[in-house]
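Trainee: Okay, sequence plus prediction incoming.
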Amino acid sequence: MTKLTIRGNMATALGAKLCRPDVIPAYPITPSTLFPEKISEYIADGELDAEMIRVESEHSAMSACIGASAAGARVCTASASQGIALMSEMLFIAAGMRLPIVMAVGNRALSAPINIWCDHQDTISQRDTGWLQFYAEKNQEGLDLMIIAFKVCEDKRVLLPAMVGIDAFVLTHTIEAVDVPDQKLVDEFLPKYEPELRLDPEKPMTFGSFGTPEFYQEFKYMQTEAMEKAREVIDEVFAEFKKKFGREYRKITPYKCEDADVIILTMGSMSGTARAAVNKMREEGKKVGCCKLTVYRPFPAKEIVELTKNAKVVAVLDRDISPGFGGALYGEVSAAFVNEEKHPFITNYIIGLGGRDILIEDFEWIYERSMDVIKKGRVEKPVQWVNLNEEVL
Amino acid sequence: MVKVTLGAVNKIAGSSKNYKTGDWRTLKPVIDLEKCKKCWACYKYCPEGCIEKTEKGPIVDYDFCKGCGICANECPFKAIEMIMEER
């Protein structure tokens, strides 16, 4: 095994390279630009035998991904923010056509106002496209999740595309040490992609053809069933990955939750800060734990309930906002508990939008608000904004 | 019984020919062969490819013509008239 100190984009690009993709159509956008740059370097240096397609927009990038994948190629790309918004139409088509494309994302805020920094709004907004969604806490996870994503997506029970999100700048441009898996082991783990059907001029056929009202609903049902099947496939692949490479992944990873009164639920790079904050508060005798969500689609509702049901308060942190409601994760965690006989208070904290730093003090503030809820026995403000600078309002 | 396929794949090539789109039409192109100079602008511009070149002049395939009127618009000799479809 080799150890490298590399930026997050390099980690996802290296993860992609180890999967031996055939075609990489991509259009550069901050903060994921280094991904296609690195891939084109690999190709130019003869380290990767693949075709890079330089396109005129993200909509075209995803269109080229769809065509190449339908022709039987292993395909990956990268994008972020406005780029993902522009390819939205094609994201639905990739999933509907059941093409196992993997996209590395540098999670970034959406305009307006223009902002290039970390935020989960870009991928959260695309949660209904039918793509699997993984969120990495660190560069190592970014690399590993690329390999895991291909393995899950290409499973015949799934055949759906996936996004692997790494936080803008906090990960994409931050240097961390990563273990690089041996190519031989990756080849054993992820054999060559053999599609059921492929576009072939000798044997013409139509992908994603007409679905009249008599059939459309059944197509969508089949697609949804594949996403349901992905639940068990993800667990199998996580287990196989651990056996092969020694690193453990879970859809949701608890930390000091067993006896916790307050559990803080996080996604992405803030999860490491959450653990540091939990350690500090535990030393002060506070019964607090945290849970990191790695898989957002399919949504691990059952696992969330199982791991957090004994807490008094579950504080859900969202690095996204659905104006007129609250955070997306908050809505889904609440829904996960709705048919349970007994459940914790569930509160929502909007945090770190547009690259606002997330600090240990923020978690302490959230803990204090959670203790207020326990003391009062009710939730007065379900959705609160963390570290909001009211002076500039 | 037709079954839904993975990714809505249709293995029968050219099956769109079985789906006649002519009944989408409200207006129908009628070609006056007296005025036609066989320049084939209509043939070239038809987005559906449903105007056929013949000795006598262009012939519209009404099974597939959606009545968009592009042929009538493009004809330099005003030889194509769009008339109300009657069924």
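Mentor: Done, it's in.

Trainee: does A:Phe207 really touch B:Lys11, like I thought?
Mentor: No: taking contacts as CB atoms under 8 Å, A:Phe207 lies outside contact range of B:Lys11: 10.3 Å. From N, CA and C alone the C-beta is placed, and that goes for glycine too.

Trainee: what residues are up against the most centrally placed residue in chain B?
Mentor: Central residue of chain B (CA atoms, centre = their mean): B:Cys65, 3.0 Å from the mean position. Contacts here follow CB atoms under 8 Å, 6 or more residues apart in numbering or on different chains; on that basis B:Cys65 touches B:Gly22, B:Arg25, B:Lys28, B:Pro29, B:Glu48, B:Cys50.

Trainee: Please apply the same query to A:Glu196.
Mentor: A:Lys156, A:Leu159, B:Leu6.

Trainee: returning to what we had before: same drill for A:Phe207 and B:Lys11, tell me which one is more crowded.
Mentor: Shown here are A:Phe207 and B:Lys11; by other CB atoms under 10 Å in any protein chain shown, A:Phe207 has more neighbours (23 against 12).

Trainee: Buried residues in stretch A:37-49, which are they?
Mentor: A:Lys38, A:Ile39, A:Ser40, A:Tyr42, A:Ile43, A:Leu48 (16 or more other CB atoms under 10 Å in any protein chain shown).

Trainee: what about the helices in chain B?
Mentor: B:41-45, B:70-74 (DSSP state H).

Trainee: Flag every buried residue along the last one.
Mentor: Put plainly, it is helix B:70-74. So helix B:70-74, judged by 16+ other CB under 10 Å, has buried residues B:Ile70, B:Cys71, B:Ala72.

Trainee: Help me confirm that the first one comes into contact with B:Tyr45.
Mentor: Yes: with contact taken as CB under 8 Å, B:Ile70 and B:Tyr45 are classed as touching, separated by 5.2 Å.

Trainee: now the helices: where do they sit in chain A?
Mentor: Using DSSP H, helices in chain A cover A:8-18, A:34-44, A:58-70, A:81-86, A:88-96, A:121-124, A:139-153, A:183-189, A:216-245, A:270-283, A:301-308, A:328-337, A:360-376.

Trainee: Among those helices, single out whichever gets nearest to chain B.
Mentor: Closest to chain B of the helices of chain A is helix A:216-245 (CB to the nearest CB; 4.7 Å).

Trainee: For A:Ser63, which non-adjacent residue is spatially closest?
Mentor: A:Met90 (5.5 Å; CB to CB, 6 or more residues apart in numbering or on different chains).

Trainee: Measure how buried the one you found is and give me the count.
Mentor: 20.

Trainee: Am I right that it is in contact with A:Ile66?
Mentor: Yes: counting by CB under 8 Å, A:Ile66 is a contact partner of A:Met90 at 6.3 Å.

Trainee: hmm, back to that, so what pLDDT did the residue nearest to the centre of chain B get?
Mentor: Confidence at B:Cys65, expressed as pLDDT, is 97.

Trainee: Near chain A, which residues of chain B are found?
Mentor: Selection of chain B residues close to chain A by CB under 8 Å from any CB of the partner chain yields B:2, B:4, B:6-15, B:19.

Trainee: Just the buried subset of these, written out for PyMOL, thanks.
Mentor: Of the residues of chain B next to chain A, the buried ones go into a single PyMOL selection, burial set by 16+ other CB under 10 Å:
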select buried, chain B and resi 4+6+7+8+9
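
Trainee: which one of the residues of chain B next to chain A is nearest A:Gly15?
Mentor: Proximity of those to A:Gly15 (CB to CB) peaks at B:Gly7, which lies at 25.8 Å.

Trainee: quick check: domain ranges of chain A?
Mentor: A:2-245, A:254-392 (automatic domain parsing).

Trainee: Looking at those domains, which is nearest to B:Asp61?
Mentor: Checked against CB to CB, the stretch from the domains of chain A lying closest is domain A:2-245, at 20.1 Å.

Trainee: distance between the ends of the closest one?
Mentor: End-to-end distance for domain A:2-245, by CA to CA, to the nearest Å: 12 Å.

Trainee: From the chain's centroid, how far away is that domain?
Mentor: Centroid separation for domain A:2-245 versus its chain: 10 Å, with CA atoms, centre = their mean, to the nearest Å.

Trainee: Format the helices of chain A as a markdown table; extra columns: mean pLDDT.
Mentor: Below are the helices of chain A laid out as a markdown table (pLDDT from 0 to 100):
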| stretch | mean pLDDT |
| --- | --- |
| helix A:8-18 | 98 |
| helix A:34-44 | 98 |
| helix A:58-70 | 98 |
| helix A:81-86 | 98 |
| helix A:88-96 | 98 |
| helix A:121-124 | 98 |
| helix A:139-153 | 98 |
| helix A:183-189 | 98 |
| helix A:216-245 | 98 |
| helix A:270-283 | 98 |
| helix A:301-308 | 98 |
| helix A:328-337 | 98 |
| helix A:360-376 | 98 |
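
Trainee: Format these as CSV; extra columns: distance to A:Ala177.
Mentor: Listed next are the helices of chain A as CSV, based on distance: least, CB to CB, whole Å:
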stretch, distance to A:Ala177
helix A:8-18, 10
helix A:34-44, 17
helix A:58-70, 31
helix A:81-86, 28
helix A:88-96, 33
helix A:121-124, 26
helix A:139-153, 8
helix A:183-189, 19
helix A:216-245, 16
helix A:270-283, 14
helix A:301-308, 29
helix A:328-337, 29
helix A:360-376, 23
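
Trainee: follow-up on the earlier one: for the helices of chain B, give me a markdown table that also has mean pLDDT.
Mentor: Shown next, in a markdown table, are those (pLDDT from 0 to 100):
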| stretch | mean pLDDT |
| --- | --- |
| helix B:41-45 | 98 |
| helix B:70-74 | 98 |
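
Trainee: which one of these lies closest to A:Leu132?
Mentor: helix B:70-74 (43.3 Å).

Trainee: Show me what the closest one is packed against.
Mentor: If you count contacts as 3 or more CB pairs under 8 Å, 6 or more residues apart in numbering or on different chains; DSSP states H and E, helix B:70-74 packs onto helix B:41-45, strand B:80-84.

Trainee: And for it, what's in contact with it?
Mentor: Here helix B:70-74 has contacts from B:Pro29, B:Ala41, B:Cys42, B:Tyr45, B:Cys46, B:Pro47, B:Ile51, B:Pro58, B:Val60, B:Ile80, B:Glu81, B:Met82, using CB under 8 Å, 6+ apart.

Trainee: Among those, which one sits closest to A:Ile321?
Mentor: Out of those, the member with the shortest distance to A:Ile321 (by CB to CB) is B:Pro47, at 43.6 Å.

Trainee: Now for that closest one, how many residues are close by?
Mentor: B:Pro47, neighbours per other CB under 10 Å, totals 9.

Trainee: A:Phe210 now?
Mentor: 12.

Trainee: what about A:Gly211, how many neighbours?
Mentor: 15.

Trainee: next one: B:Met1
Mentor: 2.

Trainee: For residue 9, list the residues it contacts.
Mentor: Since you didn't name a chain, this refers to chain A. Per CB under 8 Å, 6+ apart, neighbours of A:Asn9: A:Pro31, A:Ser32, A:Thr33, A:Leu34, A:Phe35, A:Lys38, A:Ala78, A:Ala104, A:Gly106, A:Ile166, A:Thr172, A:His173.

Trainee: ah, no, chain B please
Mentor: B:Val9 neighbours (CB under 8 Å, 6+ apart): A:Leu197, A:Met205, A:Thr206, A:Phe207, A:Gly208, A:Ser209.
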